[in-house]
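**Student:** Just need the structure, nothing else, for what follows:
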Amino acid sequence: MQRIYLDNAATTALDKEVLEAMLPYMTTHFGNPSSIYSYGRESRLAIENARKTVARILNANPGEIFFTSGGTESDNMAISTSIRDLGCRHIITSPIEHHAVLHAVEHLDHEGAITTSFVKLLPDGHIDLNDLEEQLASRKERCLVSLMHANNEIGNLLDIYTAGEICKKYNAIFHSDTVQTVGHYKIDLRKKPVHFATGAGHKFHGPKGVGILYVNDNIKVRPMIYGGGQERNMRAGTENLYGIVGFAKALEIAEANMEKDATYIQSLKTYMIDQLNKKIPGVKFNGDYLGKSLYTVLNVSFPKSEKSEMILFNLDMSNICASGGSACSSGADVGSHVIRAINNNPNLVPVRFSFSKCNTTAEIDTVIEKLKEII
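**Tutor:** Below you'll find the model as predicted:
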């Protein structure tokens, strides 16, 4: 049986065109970008052209874009440099952030570098922005606010503009993990009041192991990795040349097809909601799934029974890939911290289905039939 892949929020298939753009830099154009002869200069040029492409699409200056190994490194860099270089002594975040943020913040709190507080959540899983404002108003020290643009498990979208304006009012540094939205939504960093934003190539049909950190021109931070002075002295180490070329190509393709792909993928999500409601009794949906939500993510809770407790395992046995939470923690099956924070109902079993342009309604029909059997 052919595999049905519905875990695109974890990672996506590499686009053929992206692979074609990367191949020359894996084979013939392998020069070290820091070498001064023409072979190295070709590689350097490829990186700088990629940076310009990314900056143009996200409406930033090329000098504000730094290439990293992915979203986790970018989040960690933003949080650590805010404390070390920007004088932040308190971090306000939410209990439903990605572990790249939560674990970094927890570590810094444990070390005594900062104090932490969490914003309240509304019943549908959205951030309570009034609570954010109240917390910022009550703090004497400079704060870092770290809130993700879109939740990777339930799909809820933050009003990033309003959150940024609140941060501005209280002179707080604002970091937003935009890993699930870069490549899926039009992001205009000129218009969004953020100091740091992040992206990861493998979330929009690019390669794994490459990401970006956007650092707003108005702030100055020091390097996190020292050595050969790459990435304008901000991140030493020989660049992931073909990864960077692939990231830019994937983002270019995503931008060119954004409206068409979004409409198509949203139709798959809507179709699945409709079919689940019709055919699976007692199913519930998590987060603001019909409102301000990622078109790529649908988080579904099934009534708990002996059969449904093994639902992910049974789907896997039928060659269907879905997840219970974030892929980064699915090896340690501790359940989802996001679902626990918004809806801790022990009688429900949550499953995240996430879609891409490669999926079809026929695949969804097959999944629904399997779910009927399993449940």
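**Student:** nearest spatial neighbour of the residue nearest the centre of the chain, skipping sequence neighbours?
**Tutor:** In the chain, the residue lying closest to the centroid (CA atoms, centre = their mean) is residue 179, at 2.4 Å. Spatially, and ignoring its direct neighbours in sequence, residue 179 is nearest to residue 71 (4.0 Å; CB to CB, 6 or more residues apart in numbering). C-beta here means a position set from N, CA and C on the backbone, and glycine is covered the same way.
**Student:** Contact partners for the residue nearest to the centre of the chain?
**Tutor:** For residue 179, the contacting residues are 71, 98, 148, 152, 198, 199, 200, 203, 211, by CB atoms under 8 Å, 6 or more residues apart in numbering.
**Student:** Just give me the closest of those to residue 220.
**Tutor:** Residue 220 has its nearest neighbour among the contacts of residue 179 in residue 198, at 18.8 Å by CB to CB.
**Student:** Can you pull the phi/psi pair for the residue nearest to that closest one when sequence neighbours are not counted?
**Tutor:** Closest residue to residue 198 apart from its sequence neighbours, by CB to CB, 6+ apart: residue 74 at 3.8 Å. The phi and psi torsions at residue 74 (degrees, to the nearest 10) take the values phi -60, psi -50.
**Student:** Can you get me a residue count around residue 74?
**Tutor:** By other CB atoms under 10 Å, 28 other residues sit near residue 74.
**Student:** That one reaches residue 215, doesn't it?
**Tutor:** No: Residue 74 is beyond contact range of residue 215, at 9.7 Å (criterion: CB atoms under 8 Å).
**Student:** Report the set of residues contacting both of those two.
**Tutor:** residue 196.
**Student:** rewinding a little: out of the contacts of residue 179, which are inside strands?
**Tutor:** Secondary structure assignment by DSSP state E places 198, 199, 200, 211 of the contacts of residue 179 in strands.
**Student:** For residue 262, state which of those residues is nearest.
**Tutor:** Nearest to residue 262, judged by CB to CB, of these is residue 199 at 17.1 Å.
**Student:** Quick check: bridge partners of the closest one?
**Tutor:** residue 212 (DSSP bridges).
**Student:** Got the domain ranges for the protein?
**Tutor:** The chain breaks down into these domains under automatic domain parsing: 4-12+257-374, 16-256.
**Student:** still on that earlier bit, now do the contacts for the residue nearest to residue 179.
**Tutor:** Taking CB under 8 Å, 6+ apart as the criterion, residue 71 is in contact with 98, 100, 177, 179, 198, 199, 200, 203, 211.
**Student:** Just the buried ones from these?
**Tutor:** Buried by 16 or more other CB atoms under 10 Å: 98, 100, 177, 179, 198, 199, 200, 203, 211, out of the contacts of residue 71.
**Student:** okay if I get those residues as TSV plus distance to residue 258 and pLDDT?
**Tutor:** Listed next are the buried ones among the contacts of residue 71 as TSV, based on distance: CB to CB, whole Å; pLDDT from 0 to 100:
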residue	distance to residue 258	pLDDT
98	23	97
100	25	98
177	20	98
179	17	98
198	19	98
199	14	98
200	17	98
203	14	98
211	19	98
